[in-house]
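1. Here is the input, now give the coordinates:
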Amino acid sequence: MNTVINPAKSLNGTVVVPGDKSVSHRSVMLGSIAKGTTHVTGFLTGADCLSTISCFKKLGIDIEVDGTNVTIHGKGLHGLTAPTETLDVGNSGTTLRLMSGLLSAQPFNSHVTGDASIQKRPMGRVADPIKLMGGKITSKNEKLTAPLDIEGCKLHGINYTLPVASAQVKSAIILAGMYADGPTTITEPEATRNHTEIMLNYLGADIKTEGNAITVNPVEELTARDISVPADISSAAYFIVAALICPNSEVTVLNVGINPTRIGIITALLDMGADIELKNERIVCGEPVADIVARTSRLHGTVIKGDIIPKLIDEIPIIAVAACFAEGETIIADAEELKVKESNRIETTTAELNRMGAEITPTDDGMIIKGVHKLHGAECNSYDDHRIAMSVAVAALAAEGSTTILDSECSNISFPGFYKLFDTLREA
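-> Numbering: from 1, shown residues only. Next up, the predicted model:
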């Protein structure tokens, strides 16, 4: 499917974006190994999260989906059963990495695969610490990539320092560590999103965080509780930036998760002079939530690097869009992780925005963006990467002329109905 985006004279109104992808994934995984029934509201029914549901059904869990409501009949910490077929994670790196840690501790073996993109993504960063715990994740490929064979083993606790900040790798070790024979301590180079720790403690686990060190104690049982999934700040980001760069605009996004490990984009945009306001701040199921208001702003360049990068790694393509409309130069560095996403997002962000008239120079670990204030319509590729497709769509709203996004349906991975939702905000 191709989508044509025309410029917007203004964007005004209130929107509700889909549930947080990270929290949705974890609600299924942890609900499955909790004792009792977990009722989830606000679940993201994108392709990635549905892949997680599919995998856990194959592991013997009864899961019911009714729109954005999901009911998980958990069987307890030791209730998963051996799959009779390959577990297919589709395009979901979160499913692959977190589930690999969990499966390493089960009393059975598993075979896991995914789509062509997943089969290029590195798994050594998960397999290495799991091996230190006594587990075994192998692949027939020269580089350790899916398809994977995961041998269930008895694990022991370790002290492990992550070589690269990664919430997915950290979470894989945490899930394995719950089954170990002693405590496991993980030290991060920078703090990453902590949804796994929050939800596990909400369900009765014993996880302690001191600075960048997370200690996981073995768990006897998790207890099912209802989970309300906040709106995904990664999805909200597109509407926030669209409001900032389109004329005469004010957009409110309701019920957005503002976990401190995820709000790097808000910090970065405020540093660029954005008019953003957080209202009605509250805590829901352990997660901080707020309504976010964004208004047309005069932006300026900034430097984004270091500790903030893990807090906005998924939002860098849309931050690059904002930087195109800013005064001066924006530098993004320390973001090598962009190379191993659904696409090499350093290359793909640069290529597609430059196609629209941007001035972006890629670097080994990021990009340098010179503000040009105005882009023009173009025919752009999505690379089957949802974040590239949606970032280009936002750029197109503030560009001159029409933009066509090829293979635009990949946005369904995280945001079903993305393009239509913008139409509700356009000036009549």
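2. what's the burial count for the closest residue to V126 other than its chain neighbours?
-> Leaving aside its sequence neighbours, V126 sits nearest to A172 (C-beta to C-beta, 6 or more residues apart in numbering; 4.8 Å). Where you see a C-beta, it was placed from the backbone N, CA and C, and this is true even at glycine. Residues lying near A172 (other C-beta atoms under 10 Å) number 30.
3. Next up, identify which helix or strand A172 is on.
-> Using DSSP states H and E, A172 maps to helix 167-177.
4. Show residues contacting that helix.
-> 22, 26, 29, 93-94, 97-98, 100-102, 104-105, 125-126, 129-130, 133, 135, 155, 157, 160, 162, 183-184, 186, 188, 192-197, 200, 207, 214, 216, 218, 261, 310 (C-beta atoms under 8 Å, 6 or more residues apart in numbering).
5. Can you list the low-confidence ranges for the stretch 151-300 of the chain?
-> Within the stretch 151-300 of the chain, the set of residues satisfying pLDDT under 70 is empty.
6. What ranges does it have for its helices?
-> Along the stretch 151-300 of the chain, counting by DSSP state H, counting those that start in this stretch, helices occupy 167-177, 195-202, 233-245, 264-271.
7. returning to that earlier point: chain center to the helix holding A172: distance?
-> Put simply, helix 167-177 sits 15 Å off its chain's centre (C-alpha atoms, centre = their mean, to the nearest Å).
8. isn't there a strand covering I150?
-> Yes - counting by DSSP: H, G, I helix; E, B strand; the rest coil, I150 is part of a strand.
9. and it, how many neighbours does it have?
-> By other C-beta under 10 Å, 25 other residues sit near I150.
10. quick one: contacts for it?
-> Counting by C-beta under 8 Å, 6+ apart, I150 makes contact with 100, 103-104, 109-112, 135-137.
11. count of neighbours near G67?
-> 8.
12. What distance do you get for T71 to T38?
-> 7 Å (C-beta to C-beta, to the nearest Å).
13. Please enumerate the shared neighbours of these two.
-> Shared contacts of T71 and T38 (C-beta under 8 Å, 6+ apart): none.
14. If you count surrounding residues, which of these two has more?
-> T38 (24 against 14).
15. State the three-state secondary structure for the more buried one.
-> Applying three-state DSSP: T38 is strand.
16. Dump stretch 110-129 to CSV, keeping only the CA atoms.
-> Output of stretch 110-129 as CSV, limited to C-alpha atoms (Å, rounded to 0.1, in the frame of the first residue of the first chain):
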residue,chain,number,x,y,z
SER,A,110,12.4,-24.1,21.8
HIS,A,111,13.0,-23.0,18.2
VAL,A,112,12.4,-19.3,17.5
THR,A,113,12.4,-17.4,14.3
GLY,A,114,11.1,-14.2,12.7
ASP,A,115,10.9,-12.3,9.5
ALA,A,116,13.8,-11.3,7.2
SER,A,117,14.5,-8.1,9.3
ILE,A,118,14.6,-10.1,12.6
GLN,A,119,16.9,-12.6,11.1
LYS,A,120,19.5,-9.9,10.7
ARG,A,121,19.4,-8.5,14.2
PRO,A,122,22.2,-9.5,16.6
MET,A,123,21.4,-12.0,19.4
GLY,A,124,24.9,-12.5,20.8
ARG,A,125,24.2,-9.7,23.3
VAL,A,126,21.5,-11.8,24.8
ALA,A,127,23.1,-15.2,24.4
ASP,A,128,26.4,-14.2,26.0
PRO,A,129,25.0,-13.3,29.5
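17. Now it: buried residues?
-> Across stretch 110-129, burial judged by 16 or more other C-beta atoms under 10 Å covers 110, 112-115, 117-123, 125-127, 129.
18. Do I have it right that V303 meets D334?
-> No - proximity of V303 to D334 does not meet the contact threshold set by C-beta atoms under 8 Å, at 10.5 Å.
19. So between the two, which is more surrounded?
-> A count of neighbours by other C-beta under 10 Å puts D334 above the other of V303 and D334, at 17 against 13.
20. which stretches of the stretch 151-300 of the chain form strands?
-> 159-161, 184-187, 207-210, 213-216, 222-223, 227-228, 250-257, 275-284, 287-295 (DSSP state E, counting those that start in this stretch).
21. sorry, back to before: export the contacts of I150 to CSV and tack on secondary structure?
-> What follows is the contacts of I150, written out as CSV (three-state DSSP):
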residue, secondary structure
S100, helix
L103, helix
S104, coil
N109, coil
S110, strand
H111, strand
V112, strand
G135, coil
K136, strand
I137, strand
